[in-house]
Every structure is written in structure tokens, then in C-alpha cells.
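In: Need coordinates for the following:
(chains A and B)
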Amino acid sequence: MSVTIVKTYLPPPFCEREIFRYAGGGAEDEGTRSAVLSCIEEAKGALIYKVCYRELPVFVEGNECDFGVFSLSSNSLAKNLSGCQTVILFAATVGVGIDRMIGKYGRLSPSRALLMQAIGAERIESLCGLFCREIQKEKGLLARPRFSPGYGDLPLETQRTVFELLDCPKKIGAYLNESLLISPTKTVTAFLGFGATVSASNEEKCRDCGQQSCIYRDTK
Amino acid sequence: MNFLDFLQQNIVLLDGGMGTLLQERGLAAGEKPERWNITHAEEIVNVHKAYFDAGSNVVCTNTFGANTLKFSEEELEEIVKAALQNACVAKEKSLSKQEKFIALDVGPSGRLLRPYGDLDFEDAVTLFKKTIDLGVKYGAELILIETMSDCYEAKAALLAAKESYNLPVLVSGAYGADGKLTTGATPAATVALLEGMGATAVGANCSLGPKQLGGVLDELLVNASLPVLFKPNAGLPKLVNGRTEFDVTVEEFAREIALSVEKGARLIGGCCGTTPAYIQAVARAIKGLAPKPLTDKGRTVVSSYTHAVELGNAPVLIGERINPTGKKRLKQALREGDIDYLLGEGVGQQEKGVQLLDVNVGLPEIDEKETLQRAVEELQTVVDLPLSVDTSSVSAMEAALRRYNGKALINSVNGKRECMEAVFPLVKKYGGVVIALTLDEDGIPENAGGRVAIAEKILKVAEQYGVAKKDIVFDTLAMPVSADKNAANSTLTALKRISLELGCHTSLGVSNVSFGLPERDTVNATFFALALENGLSAAIVNPYSAEMMKTYYAYNALKGWDKNCAAYVEKAAELSSQTPPSSQSVPTKETEEEYRSKLQRAIIKGFKDSAGALTKELLKTADPLEIVHQEIIPALNTVGEGFEQKKIYLPQLLTSAEAAGCAFEQIKSCLAKSGVRRDRRSTFVLATVHGDIHDIGKNIVKLLLENYGFDVVDLGKDVPPEKIVGETVKRRAPMVGLSALMTTTLPAMEETVRQLREKAPWCKIVVGGAVLTEEYAEKLGADQYAKDAMETVRFAESVEASEG
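Out: This next block holds a predicted model:
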């Protein structure tokens, strides 16, 4: 019997370059930069950093991924998890506060809303990165790149199972909407596979992705 | 004995955890524990019986997740029926001697309420009502609403219970390590809301162990006049040899709970990880402890969805600007349904330092009920201040109070019987602190004595309706001193007497006193100071008046409300210099040429303040529409073209658009005064489709379209196809823009396009959003795909041109 564990993190350092990228900014002009800083200042107090997760065994055969308590059929997830013995199934959120900021400025100042949304995106990505690094350190193993419902052919409906299993509403205050969107919007769920074979690091997620025309593609 | 009588005299021992025990008995991950009421009735009976045997006065049915989101109505009825039966069997079987009660357990719905989630408040009320109806039908003696992490959802559940039944309702929240609910409410705010609505007890359960929840318990005890419930976890779970264990031992738990009883907790028990052994140990540990007597704290408190504001400490400022009386621009905004303008007024006043916002949208030509409810809901998405619901329409008041997320200030009731009969039941039902005007059928008494007498009468009637004295704040009515030299004196004397003799808090709309006089600010500020010294607890003021704010901060400093005079010192600099910083608006000669004019430069550079100020300046000499066409539009074009050529990027495009918005605001203001309207271009209906709650892209499109003069009808996010079609047909709009971010909401977009083609074949449809592509737009049957906001503007222009 596995158990869902909740962890609360201290804020990971802000990455301005990433915020800029998510905001669709090109050159970092002084005006935008000071706007980003003032948004960070305002958002800081409204952010939380919570992750809940549980460890599950996994057996992959063909497209079937069997996690003991449930199983999924997905070519892309099977590929990602091939050779893995365990997965960490996790949900991470930076809370509803940033949605309030985005909503507030959506009505009052769309430019600020844009930056707040970019900050939210950077925050949740940073939190996922932090969590994945820590878990790898804890286990002394390298993980596969994290894999979320909606990636490749893994249906978004998978969220229902993930939410039920992790009890996200109670554990981290994340809720699944009827249309399978998550509230708070800056929430990520993912499988993190661990196995004997060495794998690509998480940081290279964009390079492995097939969406060549994605406007958020990180080419650095 | 009935539960309420028992609670008055005794410490109530609740039960412990259910979920963890069921897991030990074989409940699989992902399996719904509520079904076990039917499939494993014996196991459930045994758990309940074990708690009764351990000494619990109350066991809670195994119905935490029993609601219509998770079960069909038929199955729900079976489950709730079986759950109550199981508890009853256990009650009969247990031979222990204590008083025993059965509570219907009601957990959170599992979905987040709007606006941040997708569950509507009324749907939440209906959902809880279905479960509660069944619980009552099958014999629940009381209701425990527990593990609530959103006070709005707690309000929905409590309303569902109180609206139909008279059973005792205990309401408990799941507070985090930060001492707040997930959605940000402090214990003080939650207590204000729940106590106002008539909960039987308030409390904290789940989330953490007894020690970590100690701070929350302390805050609940300080704020609540009601009994306080405490039902923490056995600490945090960890995995030991494949078994889930909790890190607080039976002995430690019992010790901590006994301590909480000594502090004043009245209903105690355990949540996740606690077992009959824990409860038995608690029963032993509290043996011989006497319940701490319940005392009415007598506090006058209003709250928002995050925090509470108490009257009776430092005087409280209520912003008066959201009130159309004498404000042409606000009237225009209300007539046009331009809620954003009103939201701007809300945020502006918060920045000026008010602690509450008065909200009055009464205009004869608009639907006040609908508008007030909408204003209250939407203001709560931009400010976290408690609101004052200001209306003379009882139906508007009820609609707004029902939807308000917190305990509102209600403005107002008065001594007229008819008015009291209409308003007090609403105060009782929804909670609130009500401003009572000291006038009645005979008008406003000239002298103070008459007003005090009316106040006494109001208190008496309020009591009959169950509205407590602490929830009434008296307004002794400031009258123009220009018409009666004793006007101010009467108001002040009445104020002082009500404060001292009746022990009630007071409030005033200050500015009426100076009506008919020159230099009104000076008179208002002086009167304000006098009123404060006579005991005024709250004032409805214009926070943009420097005189009023100076008086306020100086008063607080002088009376010891402002430690180290810190607030005064901070505000003094701001209040003495009324001229905004203007460095941005003084371009060098060379840049001025480069940008054609100062105003165009300000817009292109995205300087909001100077764009507004320069437009105001220009309006003294130039025609408003000329400014639009010769200054603002050319500047916007420069920016738009720069964006299309990738010379500037989205953040800069938006700041320019907002600076242009500030310029337009001045133009609108000027036109509102002269009664002329800017010619609107074609109507553009805009929405984020059903199921999707992302609206940043849509808002950007709206901003740009408005800048270009289109008449944008923004239907918001998560909009059903029928509504989009309805509005398009109603306005015979020539174009519709639809936005979607997620692949899962594309079917909703497709359906909307299909319905539009059927019912509004004339309209052109443009679609956009992260998941859309040219090909997909074509497949959906849209007329065009726009990759960004500028493309949408170009689309709108082309549609308009083709229509001639």
C-alpha cells in the first residue's frame, strides 16, 4: 500500500529569461523588465509551492503501462517508461493566488496579466524542476523526462485517474474541472519514470518534443 | 437529550478517522469508500461502534464524498440511507453509557467554485442540498460540514442546510500550515462568515496534527462566540514497511487534545490517521475537565474572502466612489454595462488606503438586481476588501448578499417598520453588519434625542428578528450645516450618545455636511475629525480627497492607533505632493520629432499616466474626436505595424494599448460631460468557449479592438454556445471571435461555430488560441484563424470594409 506524500517548498529562484520567453517578449527592454520585477514583487506573497506524489510500480509491455492500481494504454508513455521499474506520479501547484492576479489584471491591465501568467508558467516549471531534481537526488537515480497527461497520445482523461489516486483537492488544493482543465491553472501532473537504464535529463524536454513550430520552444 | 442542549453544558467528543481504517480493511486505492456503506455494511457498523465504544458522543456517517458529482441520484440515496442505517445500528449495539448522536458528514464537492474553478455557487448549493435532504430524510440528528478548504464552498453548504432545515450544523475548515484555507481565508474571516449565517459551531479539522494546528485553534477561539470544533490529523502520514503510519502517537494526541479543551475547544475528535484507540485515549485525558463557558465576544466584524475587518479599533474607511449619484462617467459606464470602469474605481480606492468599499449601482434605467450582484461578484475578483452592499432595493440586496463571499456590510436599514421587516430577515439569513439610519416614518428628528430614540427602537426590532446588537452600526445622518446651523451638532451628539449609552458602533457619510458651501473639503475634514472624537467607528469617504485622508492619518497618529506614526509618515509625503511625477512626459526635442507629438510618444512608449495627462491637456483646446483620429489612432498604428514586423513584442504592444486606453478614458470622460458619444464601429462579440477558463488572449484582443473603436461585447470565459449565439443574434453582430486554449475545449468551439452558422448565418467568425492552427480553423468551419490580437484587428477591419 502506497501513500500520497505532500511537500511544501521554499520559492525556487526566479528566472527572468524564462518569464520573458513565456510573455512572448523579444528583446528585454527596460520598461518591460521593470514591469516584470514589479509583478514578481506583487505575486510573491500570493504564491505557494506544493507537490503531492506517490510511488507506484510499473510494468511496460507493448503500449500497456501497468501501475498495479490502474493501467494505461499509450504508445508515447510506454516509450517514455520503457525499462522503468517504478514511477513517481506527482501533482504540483503554485496555488490559486496567481490566478487571482491574472484575473485581476485581465480586467485592469492586460499587459500585467500577460506578465503574471508568464510568471505563473515560470513558477510552476521551476517547481516541477526542483521537485524532479530532489526526487532524483533522494533516489540516487536519474529519471526519464517527466510525462504529463495530454503529451503525445496519452489522453487528457488520464487526469481523472491521477486526481483520484493522489487526492489532489485535499492534498494540494488542485481541482479537476469538467473539461479536464485544472484549477489553479498553474498546476502540473506528471509521471516520472525510474529504471536501470540511464536517460535523458529533464532539462532537454523541448529538444525531444515533436512540435517544431511551438512558439514556446526553448532553443537554447 | 437534544444535541444543542448537550452542547451547551458539555464537552462533545466526536469520532476519529474513517478512510485510513477502511484502507486497512481492504479499501483499494481509487475505490469509493461511500460504496462500502452498502457492500461492506458490517465493516462500517464496526468502525462506528468502535468509536461509540471508545466514548464518542457523535459519530459521523461514511458520506464524506457522497454527492451527485460522484454518484447518480439513485445510488446517492442508497448510499446515504445505508450510511445512516449503519450509524444507527452501531448506536444501538454500543453498550457505552455516554450521550450518542449521529451526524451527517458532508465533505467538499471535489470541485472548485467559480471564478477560479467551474462550479457555479448555486449549483454547489443544489448539490449539497441533495445530500443533506437525504441525510435528514434518513434520520441525521446534526450535520457536520468538514474539511472545507474554500470558505465560499462552506457558505454554499451551510446555506443549503440552513435554508431547509433547523438541524444543528457544525462547519469545519482544513487550514494549511500558513494558518489559512487554500483559497486564502483566515480563521477570523471564516468565523465571521459562518457565525453570521448561523452555524452552530465552527472549527478546524484534517490537514495537520494537533500541534501544527494550534495557531489556527487559538485564532478561532479568539474570534468565535460560537463553540469551537477541533478535529486534527494524527500528524503526517509516512510509509513504514509498506504500511501507512502517522507520526503523532496516541498519547501525544490525547495530551494535545486535552490541552485544546483547556484552551476552550468544545467539540473535539480526530481526523486522518486517528483510530478508536486515539479517541479512547482522548476520552480518558479529558475526563474531569470542565467545558470552558461560551462567551459572546461582542465583536462587530465584516469580512472578505481573505480577511476580516473589525469595527471599534482604529476608525475604518469605506470608499464611497462606486455610487453613481453625481458621477456622470460612472452613470455612463453602468448604462453601457462597462463593469471594468467600476472595477478600476475599486482598485484605485484600495490603493488610496480604504479598508472597505461601498457598492451602489442604483440607476433608474438599469436592472439594479442583476447589476449589483454582478458588481459584487466581479469586484471580488480584483480587490480583497470587504464590501458594503448599498441599495434600497430588497431584491438587489438579497441577490448580492447571497453571492457575496464573506460577511458584508449592508447599507442600509432604517427605523421604518416596512424597511426593518424587509432587511432584518436578510441580515439573519446571510449574515452581515447592517448600517441603521436614525430616521423613520416621521423623517429625520432634528435633535439628537429623537435619533437616539429611533436607534433604541431599531435595536428592539432587530432583536425580534434574531439580529444581534453587535451586527448593527448606527448612522446618525450628517445634514447640511448651510441649511441649519445646529445640523452638525445634532449629528455629533447623537453619535456620542449612541456610542456611549447604547454601546453601539457608528458610521457616517461625512460629505453631506458641507452641501451648499464653498471649499467643501475643509468643512468635511473638520467635521470628520469632530465625529471621530465623538466616537465614530467608520466613515464613508472619498479617499481621493487629500484633506480627508490627512485628517484620518493625523487622527490615528494622535490617538495612538498608529505605532511610531509610521502610517502618517508614509502617507504624508504622498499627500502633500499632488502633482504626479512628470519626468516621463518631458521628451527632448529630438524624440518629439521622432514620435510626431508628446502624446503619440507617450502611447508608443506605453507611459499610461502621461498619456492620460497629455490628452486632458489637449482636450482644453482640441476637439475630442480630432485627438482620436490625429493622435491616438496614428500612434496605435505605429505600434501595431511594429508588432507585425516583429520590431516590438507583445508586452510592449500591450503597454502601448493600455496607454492609449488611458487617453481614451479622458476622451470618454469629456464626451460624457458633453453628452456626445464616440462613434462606435461595428459590433464584435467575443468569448472564450465553454469549458475553458483561460482568458488572457481574449482580453488582449478586446483591448486592441476597443482601441480601434470596435463595439466589443465581451461575454467572458467558459461561455455556452447558446449564449454566444443569443447575443450575436440579439445584436445582429457582423463578427464573432472565439478563443480556446486547450484541445479538450475545441469540440465546444466547433459546436459554437455550428450553432452560429445555423442561427446567425450572416456573421463572420474568427478563432484563435494556443491549440489552434490555420488547418484546424478551417476544419472547425471558421472564416479565419488569427494568430494574434493584431491579426484579429485586421480581420475586423476587413469585415467592416466588405460590409461597406
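
In: ok, the closest residue to residue B:643 other than its chain neighbours - contacts?
Out: For residue B:643, ignoring the flanking residues on the chain, the nearest one in space by CB to CB, 6 or more residues apart in numbering or on different chains is residue B:653 at 4.7 Å. For the C-beta atoms, the positions are set from N, CA and C on the backbone; glycine is no exception. Residues counted as contacts of residue B:653 (CB atoms under 8 Å, 6 or more residues apart in numbering or on different chains) are B:639-640, B:642-643, B:704, B:789-790.

In: now, which of those lie within helices?
Out: Judged by DSSP state H, those include B:639-640, B:642-643, B:704, B:789-790 as members of helices.

In: Reformat the contacts of residue B:653 as TSV; add distance to residue B:76 and pLDDT.
Out: Below are the contacts of residue B:653 laid out as TSV (distance: CB to CB, whole Å; pLDDT from 0 to 100):
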residue	distance to residue B:76	pLDDT
B:639	57	91
B:640	55	89
B:642	59	89
B:643	54	89
B:704	48	90
B:789	46	90
B:790	51	91
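
In: Narrow the residues you listed to those that are buried.
Out: By neighbour count, with 16 or more other CB atoms under 10 Å in any protein chain shown, the contacts of residue B:653 hold B:639-640, B:642-643, B:704, B:789-790 as buried.

In: in chain B, what secondary structure element scores lowest on mean pLDDT?
Out: Lowest on mean pLDDT, DSSP states H and E among the helices and strands of chain B sits helix B:589-594, with a mean of 54.

In: Name the residues of the stretch 551-700 of chain B found near chain A, please.
Out: Within the stretch 551-700 of chain B, the positions near chain A by CB under 8 Å from any CB of the partner chain are B:605-606, B:646, B:648-652, B:654-655, B:657-658, B:690-696, B:699-700.

In: where does the residue positioned nearest the centre of chain A land in three-state SS?
Out: Taking CA atoms, centre = their mean, the centroid of chain A lies closest to residue A:188, which sits 3.5 Å from it. Secondary structure assignment for residue A:188 (DSSP: H, G, I helix; E, B strand; the rest coil): strand.

In: got a list of what residue B:597 touches?
Out: Per CB under 8 Å, 6+ apart, neighbours of residue B:597: residue B:631.

In: let's see it at 6 Å
Out: Going by CB atoms under 6 Å, 6 or more residues apart in numbering or on different chains, residue B:597 touches no other residue.

In: Tell me, how many residues neighbour residue B:214?
Out: Residue B:214 has 18 neighbouring residues, counting by other CB atoms under 10 Å in any protein chain shown.

In: Over to residue B:646?
Out: Residue B:646 has 8 nearby residues by other CB under 10 Å.

In: Next one: it relative to residue A:26, how far apart?
Out: Counting by CB to CB, to the nearest Å, the gap from residue B:646 to residue A:26 is 7 Å.

In: Contact partners for the residue nearest to the centre of chain A?
Out: Counting by CB under 6 Å, 6+ apart, residue A:188 touches A:92, A:124, A:128.

In: Name the helix or strand for the last one, please.
Out: Right, the one you point to is residue A:128. Here residue A:128 sits within helix A:110-139, counting by DSSP states H and E.

In: For that helix, name the packing helices and strands.
Out: In terms of contacts (3 or more CB pairs under 6 Å, 6 or more residues apart in numbering or on different chains; DSSP states H and E), helix A:110-139 is packed against helix A:16-22, helix A:30-44, strand A:84-93, helix A:97-108, strand A:187-195, helix B:650-674, helix B:696-707.

In: Next, the buried residues of it.
Out: Neighbour counts over helix A:110-139 (16+ other CB under 10 Å) mark A:110-132, A:135-136 as buried.

In: what is the rounded mean pLDDT of it?
Out: Helix A:110-139 carries an average pLDDT of 95.

In: any idea whether the residue lying closest to residue B:115 once chain neighbours are set aside is helix, strand or coil?
Out: Nearest residue to residue B:115, sequence neighbours excluded (CB to CB, 6+ apart): residue B:381, at 5.6 Å. Under the three-state scheme (three-state DSSP), residue B:381 adopts helix.

In: What is the helix or strand where residue B:685 lies packed up against?
Out: Using DSSP H and E, residue B:685 falls within strand B:683-688. Strand B:683-688 sits against helix B:696-707, strand B:711-714, helix B:721-731, strand B:735-739, with contacts defined as 3+ CB pairs under 6 Å, 6+ apart.

In: Just the angle for it relative to helix B:696-707, thanks.
Out: Using axes from the mean of the first three to the mean of the last three CA atoms, to 10 degrees, the direction of strand B:683-688 lies 170 degrees away from that of helix B:696-707.

In: Describe which strands strand B:683-688 pairs with in its sheet and in which direction.
Out: Neighbouring strands of strand B:683-688 in its sheet, by DSSP bridges, are strand B:711-714 (parallel), strand B:735-739 (parallel).

In: C-alpha coordinates for the first one, CSV please?
Out: In CSV, the C-alpha atoms belonging to strand B:711-714 read as follows (Å, rounded to 0.1, in the frame of the first residue of the first chain):
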residue,chain,number,x,y,z
ASP,B,711,-18.0,47.9,-30.1
VAL,B,712,-16.8,44.9,-28.2
VAL,B,713,-19.3,42.7,-26.5
ASP,B,714,-17.2,40.6,-24.1
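
In: Please identify the most buried of the strands paired with strand B:683-688.
Out: When you average the neighbours per residue for each of those (mean count of other CB atoms under 10 Å in any protein chain shown), strand B:735-739 leads with a mean of 28.

In: pLDDT (mean, whole number) over that strand?
Out: pLDDT averaged over strand B:735-739 gives 96.

In: angle of it against helix B:721-731?
Out: 160 degrees.

In: Check what contacts strand B:735-739 and list those residues.
Out: B:684-686, B:688-689, B:697-698, B:728, B:749, B:752, B:763-769, B:799.
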